[in-house]
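> Below: sequence and its predicted model.
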Amino acid sequence: MKKITELLGKRILFFDGAMGTMLQGSGLKAGELPELLNVTHPELITSIHKKYYDAGCNIATVNTFGANSYKLKDSGYLPEQVISAAIGCAKAAREQSANSDDKFIAMDMGPIGRLIEPMGDLSFDEAYGLFAEMAACGEKAGADLILIETMGATYEVKAAVLAAKENTSLPVFVTFAFDASGKTFTGADCEAVAAMLEGLRVDAYGLNCGLGPDELYPVISQFSEISSLPLIFNPNAGLPKQKDGVTYFDVDPEAFAASMQKAAGLGLSVMGGCCGTTPEHMSAMIRLCRDIPARRPADKGITMVSSYTHAVRIGQEPLIVGERINPTGKKRFKEALRNDEISYILGEGIAQQDAGAQILDVNVGMPGIDEPAMLVKAVTRLQAVIDLPLQIDTSNTEAMEQALRRYNGKPLINSVSGKEESMRAVFPLVSKYGGTVVGLALDDSGIPSTSEGRVAIARKIIETAAEYGISRKDIIIDGLTLTVSAEPESANVTLETLRRVKKELGVCTTLGVSNISFGLPKREIINAVFYTCALNAGLDCAIINPKSEAMMNAYYSYRALCGFDTACGQYIARYNVMTEAAAPKTAETISLKAAIVSGLSDVSASIVRDKLTSGDIADPMEIIKDELIPALNEVGDGFEKGTVFLPQLLMSAEAAKASFEVLKELLAGSGSNEKIGRVILATVKDDIHDIGKNIVKVLLENYRFEVLDLGRDVPAETVLENVQKYNIKAVGLSALMTTTVVRMEETIRLLRKEVPHVKIFVGGAVLTEDYAMQIGADAYCRDAMASVRYCQKIFGAE
Amino acid sequence: MHEIRQASESTPDQWYGAADINEVLRYSGIRSAEGCNESIIADAVRAVEQVGQAALPKVISRECSLSVNGSVCSIDDIAFVSRSLSEHLAGCDKALLFAATLGSGVDMLISRYSAVRMSYAVMLQGAAAALIELYCDMECAKLESKYGNEGQYLRPRFSPGYGDFPLEYQHALTERLSAYKYTGIAVSSGGQMTPMKSVTAVIGISSTRRSSRGSCASGKCADCPNVGCMFRRV
C-alpha cells in the first residue's frame, strides 16, 4: 500500500464527511461522549466509515475528536482503549471495501476545549501531553496519518503538531476553523496560520468546519495564494439551522458538490466535508471533482514571520526591528533582569510597538542569569501582551530551542553564522520549529574585510541551510555593521555587501544599524544617515531604536520618498500631529504636586527632570517629601471619601511613578530608595481574573512597598513556598467568584498552619467583611487604598 | 424554525458606537461623570473604540424544550436545580440557551495596558463590560423580533451566578451549545469562562408578555433582588 504523502498533490484525495451528524442520525443523545461508541457500538461506527469509503472517500477520520485524557476523565475509559477501538472500526470498514489500496485512516485530534495560557488556564506542556498520548495511541493502533482539526488557537496547534511529530512518524495534516471575517476565533488570520504551519513542516493544511463551502471560498482562496503546501478543504454543509429542536444544515449534496467543484479549481489537494455532510454529499462531490487535476503548490517564496494574530512579510517594504529589549550597555535593563522585573521588559516592548516597530528583538543574555529560563519567560510574557512577531536573539542554543518551542507563531531567529558549529547547532532547530533565521556574514576566520568575503559566507549559509530543508526565503543575511571610527572603510563594505546580497543571492537583509557610531559623539546623527544609506542599498529589516526621533525621521522620510507611503499619508499624519503636540506644555505653569494630583505622567516626569537639571534641588528626598507624598495623600484621601475615583487614583499613582523613575538614578545607593517592606500578592488557585490584584499592586508599589506578584491561578503551596523563601510578613489574596473563595479559604488554612505569623488581607467582588473573617483572613480590604492602609499599619509606616 | 447563529457576520463594523459612555464610566468605578475632567471622558471614548476593534464578537443560541418542576428546570436533557431559575422561567413553554463573547483579543488588550498603564486598563475593562452587555442586548433584540413574529416573548437573560443558579452550570451550558467550537468560549478547570468577557444565559420563551418586568434585550435587572446594586439597570 502506498503512503498518503506519495499521492498528495498528484491527484485530489477525498476526506470523509461528518461523523457527528451521522451519529445523531443514529440516535446519539446530546451530551453523550460520541467517542465511547467506538467501544460500545463498534458496528455502528464501522458502518459509517464503510458508507464513506463506499462513496469514494480515500480517508476515514476516526471517531477520536475528543478522545483525550481530559475529556475522558470521568468516562471510565482511557484514551488508548477508545482510540484503538476507533481505529479498529475504520480498519474493519476498509477491509470490507473495494480498492482498499488507496484508502487511509486518519487519527483525529480536535481541540481540548480549554484555552492555553495566557488566554486560558491550560499550560502549553499539559496540552502537549494530552495530544502526545493521543497521537502515540493512534500510531500504535495503525493510523496512516494524524489529522489535527477544527482548531481556533495557533498555540494549541503548535502543541499538537509538536506532539504528533515527536511521538510518531506519521504525516500530519492540520485544519483550522475560520469565520467569514477571515480569522479564527483567537484572531489569527490566514497568513499567521500559513506561516506557522509551513514553519512546522506539516504535510498539508487548510480549513474545516466553521461555515459552508461558499462562505469559506474567499478564505481558502486566500490560502491558495500564499500556501506552498498542499491544501485541505473540509467545510460544513452550509449553516446550521434548527427545526423542532433538531439541528440540520442547509446545503444539499448537489449544491455542496457544485460549490466544492468551484473550490477545486484553486488547486486543492484534499477535499471533504465537516458538520452536516453525509455520504451523499461526498459522493456527489467526488463525482464532480475526481477528474480535476491536483497540483502540488509551488514554493511561493514569501519571507514571513508571524505572531499569533498576523504575519509580517519581509522584503516588500522597510521594516523596523525594535532593539531595546537587550541588556547590553543598559544599567536599568540589567537591574530589571537581575530582579526578575518582567514588567520592565514588557514596558520596553509596548513602548517600541507604540513607536512603530513591526518586529521586536528579544535578548536577555547576561552573565549570572539562567538564560534559557529567562528567555522563555520573556518570550511567553511578551506574546501575552504584544501581537508583534518576535526576533529570538541568543547565542545560547539551549535558550534558543526552549524559546522557539514556546513561541506562538513563526519567529525571526537571531542568529546563525557561517561557522560550521553554529550551523550544525541552529539549522536543525529552524527546520524543526520553523522560523526565518538571520545569517551573519562571518565564519571561523572572523569577519571578512571585503564584500566578496561576506557574500561568499552568506552563500555558504544559504547552501548549507538547504541541506537541512531550509529554503532561501527563510534566510535573511546580516552583512554586519562595524564601527566606522575604528575602521574607516567599514561602512562602505557593509553597504556594498547589502547591495550584492540582494542582487546576487536574492535573499532578504538585516543590520544592527547603530553599531556604526560607537565611540562617536551625537551618535544619532550618524546613525540616521547610515540608516538612510542602508535603506537605499536594500536593507529590509533594520534593527534600531524606534524611540529615536532621528531614526524614525529617516524611516518616514525614506518611505515617503521611495514609494512606500501612498500620497505621503503616514508622513503627514505623523508630522502634522507632532506640530500640534509641540505646543507649549503646562509643565512650567503647574506644580509637581498639582501635576501628580491631576494624573499627568509626562508633565510630572518633565518637571522633575527640569528641577534636577536646573540644580533647583539639592536633595531628591525633598521632592518626595514635599511634593510626591502630599500629592498621593491628597488623592488617596479623596478616593476614600468618594470624591476621587479609581481611574483617577491610578493616574496619579502612574504620575508619581514616572516622577520617581527620574529620581531613581540619583537615589540609587543613597539609602533613601529603601522599601517599606515586602508583600506577596496572588489571585488564588482556579481564579484567572487578576485586574483587582494588579490595581492593588500598582498602589502598593507607589507607597514604596516591594510587591512579589505571584500572578493568577496560584496554588496555596506556591504562596506558602514564597512566604517561607522570602520571609514574608504580609500576603494579599484576591478571588473574584464564590467558587474561588473556597480556594482562598484553603490557602489561608495552609498559611495559618505552616506560617502562623503571616498577616493575610483579602479582597474581591463577592467578599464582605463577615465573609473574610469567616474564612480566617486578618483583614478585608474593600478596595486598593484599604490594602495600602492595612499594609502601612502592619509595617508601622502610617 | 430558528437558525443557530454562529459568527457575527451580521454585526455591523461600528456596532460598539452605540455604547453608553456613562455606563463605561460606571463600570470603571466612576460613580458620577460630574467632576470628571475631559481627559477621563476622552479615555472612556477611546477605550470603547479600542475594545470594539479588538473584539471578535460571537454568539450562539439554541432553542430547547423546557419543563419546570419545583426547583428543577429540565432544559432538553439537562436538569438545572435552582429555585431562582425556576421562578424566572415560570409560565414559559420553551427556553433558549445563549452564549456570547467578545473574544480573547479583548483580554489581551486589557493585559497589555495592565503591564504599563493600569488606569487605562481599568477603563478598558469598564468598556469591555459595557460592550459585552451591549452585544448581548443587540443579539437578544434580534432573537426577540424573530420570536415576536410568531407571537412569542422572551424573558430577560438569566445567567449562572444569578440568585441560586450555580456557576457550575456553565460547564453544562457551554457543552450543550458546543460553545467552544462555535464561539471559542471555554470553561477553565476552575469553572471560569475564557475569554473573560463572555456571557452564558438561559432565556425563557413564553406566549404571554410580562409587562411589569424586563424583556430579554432590555431591563434585565428587573428580576434581580439586589436593588441597591450600583450597576442596576431597569
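On my side now, so go ahead.

> From here on, just use CA atoms for contacts and neighbour counts.
Noted.

> Any regions of the stretch 1-150 of chain A where pLDDT drops low?
Scanning the stretch 1-150 of chain A for pLDDT under 70 picks out A:30-31.

> Name the residue of it that lies nearest to chain B.
Ranked by C-alpha to the nearest C-alpha, the top residue of the stretch 1-150 of chain A for proximity to chain B is A:R114, at 5.1 Å.

> What is the neighbour count of that residue?
23 (other C-alpha atoms under 10 Å in any protein chain shown).

> Show the contacting residues for it.
A:120-122, B:186-188 (C-alpha atoms under 8 Å, 6 or more residues apart in numbering or on different chains).

> which among the residues you listed gets closest to B:E38?
A:G120 (35.8 Å; C-alpha to C-alpha).

> Spatially nearest residue to that closest one (excluding sequence neighbours)?
B:T194 (5.8 Å; C-alpha to C-alpha, 6 or more residues apart in numbering or on different chains).

> Hmm, A:E117 and that neighbour touching each other?
No. Assessed by C-alpha atoms under 8 Å, B:T194 is found out of contact with A:E117, at 10.4 Å.

> most surrounded residue in the contacts of A:R114?
Most neighbours among the contacts of A:R114, by other C-alpha under 10 Å: B:A186, with 27 neighbours.

> Let me know the pLDDT of that residue.
The model reports B:A186 with a pLDDT of 94.

> For it, give its distance to A:R712.
In this view, B:A186 and A:R712 are 17 Å apart by C-alpha to C-alpha, to the nearest Å.

> which residues touch the residue nearest to A:G120?
Applying C-alpha under 8 Å, 6+ apart to B:T194 gives the contacts A:115, A:119-120, B:104, B:185-188.

> cool, A:Y128 as well?
Shown in contact with A:Y128 (C-alpha under 8 Å, 6+ apart): A:159-160, A:162-163.

> what's the closest of those residues to A:A765?
Of all those, A:A765 sits closest to A:A159, with 35.0 Å by C-alpha to C-alpha.

> one step back: quick check, nearest of the contacts of A:R114 to A:D354?
Looking across these and measuring by C-alpha to C-alpha, the closest to A:D354 is A:G120, at 25.9 Å.

> Over to the closest one. Which of the three states is it?
The three-state label given to A:G120 by DSSP: H, G, I helix; E, B strand; the rest coil is coil.

> hang on, the earlier thing: next one: phi and psi at the residue of the stretch 1-150 of chain A closest to chain B?
Dihedral pair for A:R114: phi -130, psi 150, per degrees, to the nearest 10.

> which residues does A:V172 bridge with?
In this entry, A:V172 is beta-bridged to A:I146, by DSSP bridges.

> before we move on, what about A:V312?
A:V305.

> Number of residues surrounding A:A85?
Residue neighbour count, defined by other C-alpha under 10 Å, stands at 25 for A:A85.

> Backbone torsions only: list them for it.
Per degrees, to the nearest 10, the backbone of A:A85 is at phi -70, psi -40.

> of all of the stretch 651-798 of chain A, which residue lies closest to chain B?
Chain B sits closest to A:D686 of the stretch 651-798 of chain A, with a gap of 4.3 Å, by C-alpha to the nearest C-alpha.

> if we can go back for a sec, could you check the pLDDT of the residue nearest to A:G120?
94.

> any idea how far it is from A:R287?
Relative to A:R287, B:T194 is positioned 43 Å away (criterion: C-alpha to C-alpha).

> How about B:L89?
51 Å.

> And for A:P428?
From A:P428 to A:R287 the distance is 44 Å (C-alpha to C-alpha).

> which helix in chain B runs the most residues?
For chain B, the longest helix by residue count, based on DSSP state H, is helix B:118-148.

> Which SSE is immediately downstream of that one?
strand B:153-154 (DSSP states H and E).

> A:R472 is in contact with A:V507, isn't it?
Yes. At 6.6 Å, A:R472 counts as touching A:V507 under the criterion of C-alpha under 8 Å.

> shared neighbours, these two?
Common contact partners of A:R472 and A:V507 (C-alpha under 8 Å, 6+ apart): none.

> For the nearest residue in space to B:Y180 that is not next to it in sequence, give me phi and psi.
Leaving aside its sequence neighbours, B:Y180 sits nearest to B:A186 (C-alpha to C-alpha, 6+ apart; 5.5 Å). Backbone torsions of B:A186, given as degrees, to the nearest 10, read phi -120, psi 150.

> Check which residues of the lengthiest strand in chain B are buried.
Looking across chain B with DSSP state E, the single longest strand is strand B:58-69. For strand B:58-69, the neighbour count (16 or more other C-alpha atoms under 10 Å in any protein chain shown) marks B:58-64, B:66-68 as buried.

> Any idea how far apart the tips of stretch A:55-67 sit?
End-to-end for stretch A:55-67, by C-alpha to C-alpha: 26 Å.

> Name the residues that touch that stretch?
A:13-16, A:19, A:34-35, A:38, A:45, A:49, A:52-53, A:72, A:79, A:82-83, A:86-87, A:90, A:102-112, A:134, A:147, A:279-280, A:282-283, A:286.
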